[in-house]
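**Student:** need a 3D model of the following:
(one chain, ligands or ions: 2)
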Amino acid sequence: MNIILLGPPGAGKGTQAQRLVDKHGMRQLSTGDMLRAAVKAQTPVGLEAKAVMDRGELVSDEIVSALIGDELDAMGDQVGAIFDGYPRTAAQAASLDDILAARGRTLDRVIELEVDEDALVERITGRFTCANCGKGYHETFDPPKVAGTCDKCGGHEFKRRPDDNEETVRTRMAEYRAKTAPILPLYDARGIVSRIDGMADMDHVAAAIESALAG
Ligand code: ADP
Ligand code: AMP
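**Tutor:** Residues are numbered from 1 along each chain as shown. Ligands and ions are numbered 1, 2, ... in the order given. Below you'll find the model as predicted:
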């Protein structure tokens, strides 16, 4: 299966992608994670993307679509892909069709996580991850079981994203409304969109995604 998780920043895409990876051995393809790795490694792509990401704007379609193509080529044909944070524009959606077709893959389902925008700032400003294994947490909604220790790997170091501040979040939401939400009708026309209440607790969201994928 190849699926897209779609929703504004903080909707829970990464959280649910991690669960699908753990449960079904699918692969999470997050362009945000790929870009952050490029920034850290100071590659040419990273150097170009950094300032754009810090402002909360979108990196060029060419850069992110190339990252996705390379990542798909590096994984086995039989492994299902979860697109997280991609596509984000109509041009990226068109590229994804081409990228999948060229590799004999089809897009099976688009999961739209519907959320209340007012809740997103709190979700994003409380978000942090384990610096060692990348597991995601939230100060209030999903803290580690033992404070200061990662549930998954036992690590003690955590990090926050530089763009997870209120001002940048507002720009990221505006980008979502202007450029990403308009691609949904394309997938609606194909009859492959499942809309899920992203305001429910994480276990309920995960269960709703499971039934959407089974149905
Ligand atoms: P996205 O990948 O869509 O930007 P994340 O999955 O990183 O969003 O979630 C943003 C923050 O909100 C994280 O700190 C996560 O722990 C928390 N979160 C995710 N899903 C829920 C939920 N259903 N209820 C409450 N908090 C959530
Ligand atoms: P994310 O981790 O998905 O929240 O993405 C973090 C930032 O990376 C975004 O605010 C954009 O600047 C950039 N980014 C990630 N994915 C894309 C994409 N598909 N298209 C353009 N920019 C992206």
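**Student:** for the nearest residue to Met173 once chain neighbours are set aside, give me phi and psi.
**Tutor:** Take Met173 and drop its neighbours on the chain: the residue closest to it by C-beta to C-beta, 6 or more residues apart in numbering is Pro8, 5.5 Å away. Using the backbone N, CA and C atoms, a C-beta is placed for each residue, glycine as well. In this entry, Pro8 is assigned phi and psi values of phi -70, psi 170 (degrees, to the nearest 10).
**Student:** report the contact partners of Pro8.
**Tutor:** Counting by C-beta atoms under 8 Å, 6 or more residues apart in numbering, Pro8 makes contact with 115, 117, 120, 172-173, 176-177, 180.
**Student:** ok, these vs Arg55, which is closest?
**Tutor:** Taking C-beta to C-beta as the measure, Arg55 sits nearest to Arg172 out of the contacts of Pro8, at 9.4 Å.
**Student:** okay but the closest one is in contact with Gly56, surely?
**Tutor:** Yes - contact between Arg172 and Gly56 holds when scored by C-beta atoms under 8 Å: they sit 4.3 Å apart.
**Student:** from the contacts of Pro8, which one has the minimum pLDDT?
**Tutor:** Minimum pLDDT for those is recorded at Glu117 (89).
**Student:** element containing the residue lying closest to that residue once chain neighbours are set aside, please.
**Tutor:** Once flanking residues are discounted, Glu117 sits nearest to Met173: 6.2 Å by C-beta to C-beta, 6+ apart. Met173 is part of helix 166-175, with elements assigned from DSSP states H and E.
**Student:** for the residue nearest the centre of the chain, which non-adjacent residue is closest in space?
**Tutor:** The chain has Asp84 as the residue nearest its centroid, 3.0 Å off, counting by C-alpha atoms, centre = their mean. Residue nearest to Asp84 in three dimensions, not counting chain neighbours: Ser30, with 4.2 Å by C-beta to C-beta, 6+ apart.
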